[in-house]
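Colleague: Next comes the sequence, and after it the predicted model I'd like to discuss.
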Amino acid sequence: MMKPLSILGKAVNNNVIVVLRGKREYRGVLDGYDQFMNVVLKNADELFEGQPVAKHRMAIVRGDNIIYISP
Amino acid sequence: MMKPLSILGKAVNNNVIVVLRGKREYRGVLDGYDQFMNVVLKNADELFEGQPVAKHRMAIVRGDNIIYISP
Amino acid sequence: MMKPLSILGKAVNNNVIVVLRGKREYRGVLDGYDQFMNVVLKNADELFEGQPVAKHRMAIVRGDNIIYISP
Amino acid sequence: MMKPLSILGKAVNNNVIVVLRGKREYRGVLDGYDQFMNVVLKNADELFEGQPVAKHRMAIVRGDNIIYISP
Amino acid sequence: MMKPLSILGKAVNNNVIVVLRGKREYRGVLDGYDQFMNVVLKNADELFEGQPVAKHRMAIVRGDNIIYISP
Amino acid sequence: MMKPLSILGKAVNNNVIVVLRGKREYRGVLDGYDQFMNVVLKNADELFEGQPVAKHRMAIVRGDNIIYISP
Amino acid sequence: MMKPLSILGKAVNNNVIVVLRGKREYRGVLDGYDQFMNVVLKNADELFEGQPVAKHRMAIVRGDNIIYISP
């Protein structure tokens, strides 16, 4: 049995997909996280309705809006 | 009398259906969970309005958006 | 004077109706609950807009979305 | 000066009106409550948009959705 | 510097206006409050979209929905 | 580095603009605040969609609905 | 591995982009923050739907509405 935060811990430095409410999505390298599931992404593509709309060297994405994270 | 989290504990390594607000649904093997009902699913199908839209080797689904989990 | 959770405690193993936001409703045998009013239902019918749409051998329904529970 | 929960305490066994978001309303005898303002009603009429739609021998109404309670 | 709850404390037994989300408003005598900004009003007029729609001898208004209180 | 609440502390007795969700805005003298960012304003103008709609000798504005405060 | 708040700590005195729900965005110099991800911005441009709509010498932006912060 793996706790959700342990899975995040193992995903650090690997690519993850972070899907938010409102049809937003971020794809990048997981750089960190906290107990609220706020995540830090590096070299992240931002997608809206499946289309790339921006690129971020670094982004702190709030856990509140997250639907799921796929490591 | 079974507490909700005990039911989740017994469902680990078994198939579960996780239904979210917004017509999203995940079907996969429960790999873990925490006290917020965040869940880890393996080999999960993602459905939108009842149609499969994606497959995830692993997904951390936030408890916030969950309507129900059917073990 | 009866606390809401004590009423739930007495309703265990009996039929309850759980009405959620979004026109969803579950009718089944209460198997358990916790302090967040998350509930475990057995042999539950799921209704949408008053029509049965699914049957669940077991379902963990999150307390967040509940409007009322009728024991 | 009367704390909101003290007012509820005094209203136990009396008729109360509980008005929720979403145009729902419950009228019945207050049987209990807790610190989250979850309330237990006996012999409660449920109204939607001002029209009676159901009668409940007992209902646990979550505090989350309450706009006001009129004792 | 006056803390919000101290202002409420001084307003007890005086007229206040309580404006909620959803175009609801209550005008009455403040009878009490708690740390969640739940308030007890006496002889309160309820307004919807600026028009009086009901009168309450007493009403416990949840703090959750409040936008502002004008003492 | 200035903590948000310290900035509020320094703004007491000065004019502030408080912008809420739902196109509401308050402009007045900051009289106080608490750790939830609930604020007390004196001589406050209330604006809706940028137009003045009311004037308040005093208003307790809940922090919940605030988007930003500009001191 | 970098915690989200540590990233914010390192971004103090640098330009950041703060994107909120509701198509709002702030671009300015990060002056401070707290554990709720409330942030203080100096010389901040406010954008709505990508267009500049206001300039703030200082703004306290509540963490609640934040989708992401890009340092």
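Modeller: Here it is on my side, so go on. This is a predicted model, so every value here is computed, not measured.
Colleague: The residue of chain A found nearest chain D: what's it in contact with?
Modeller: Chain D sits closest to A:Asp64 of chain A, with a gap of 17.3 Å, by C-beta to the nearest C-beta. For every residue, glycine as well, the C-beta is placed using N, CA and C. Counting by C-beta atoms under 8 Å, 6 or more residues apart in numbering or on different chains, A:Asp64 touches A:Phe36, B:Asp64, G:Asp64.
Colleague: which ones among those residues are found in strands?
Modeller: Judged by DSSP state E, strands contain none of the contacts of A:Asp64.
Colleague: of all those, which comes closest to chain F?
Modeller: G:Asp64 (7.7 Å).
Colleague: quick revisit: of the contacts of A:Asp64, which is the nearest to E:Leu20?
Modeller: Distance to E:Leu20, by C-beta to C-beta, is smallest for G:Asp64 among the contacts of A:Asp64, at 18.5 Å.
Colleague: Helices of chain A, residue ranges please.
Modeller: A:4-11 (DSSP state H).
Colleague: hey, what's the residue most central in space within it bridged with?
Modeller: With distances taken as C-alpha atoms, centre = their mean, A:Val18 lies nearest the centre of chain A, 3.6 Å away. Using DSSP bridges, the bridge partners assigned to A:Val18 are A:Tyr26, A:Ile69.
Colleague: on that earlier part again, if I look at the residue of chain A closest to chain D, how far off is B:Gln35?
Modeller: Distance, A:Asp64 to B:Gln35, by C-beta to C-beta, to the nearest Å: 17 Å.
Colleague: Same check on A:Pro4?
Modeller: In terms of C-beta to C-beta, A:Pro4 sits 10 Å off from B:Gln35.
Colleague: Please say which of those two ends up with more neighbours.
Modeller: A:Pro4 (22 against 10; other C-beta atoms under 10 Å in any protein chain shown).
Colleague: do you know how far that one is from chain E?
Modeller: 28 Å (C-beta to the nearest C-beta, to the nearest Å).
Colleague: Not including adjacent chain positions, what is the nearest residue to that residue?
Modeller: Excluding its sequence neighbours, the residue lying closest to A:Pro4 (C-beta to C-beta, 6 or more residues apart in numbering or on different chains) is B:Asn38, at 4.2 Å.
Colleague: show me what contacts the one you found?
Modeller: A:Pro4, A:Met37, B:Ile60, B:Val61, B:Arg62, B:Gly63.
Colleague: and it, backbone torsions?
Modeller: phi -60, psi 140 (degrees, to the nearest 10).
Colleague: For it, give its distance to A:Lys3.
Modeller: 8 Å.
Colleague: Check A:Gly32 too.
Modeller: 17 Å.
Colleague: Just want to know which of the two has more residues nearby.
Modeller: A:Gly32 (21 against 16).
Colleague: Enumerate every residue touching that one.
Modeller: With C-beta under 8 Å, 6+ apart, A:Gly32 has these contacts: A:Val12, A:Val39, A:Val40, G:Met1, G:Met2, G:Lys3, G:Pro4, G:Ser6, G:Ile7.
Colleague: can I get those in CSV with pLDDT?
Modeller: Output for those, formatted as CSV (pLDDT from 0 to 100):
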residue, pLDDT
A:Val12, 98
A:Val39, 98
A:Val40, 98
G:Met1, 84
G:Met2, 91
G:Lys3, 96
G:Pro4, 97
G:Ser6, 97
G:Ile7, 97
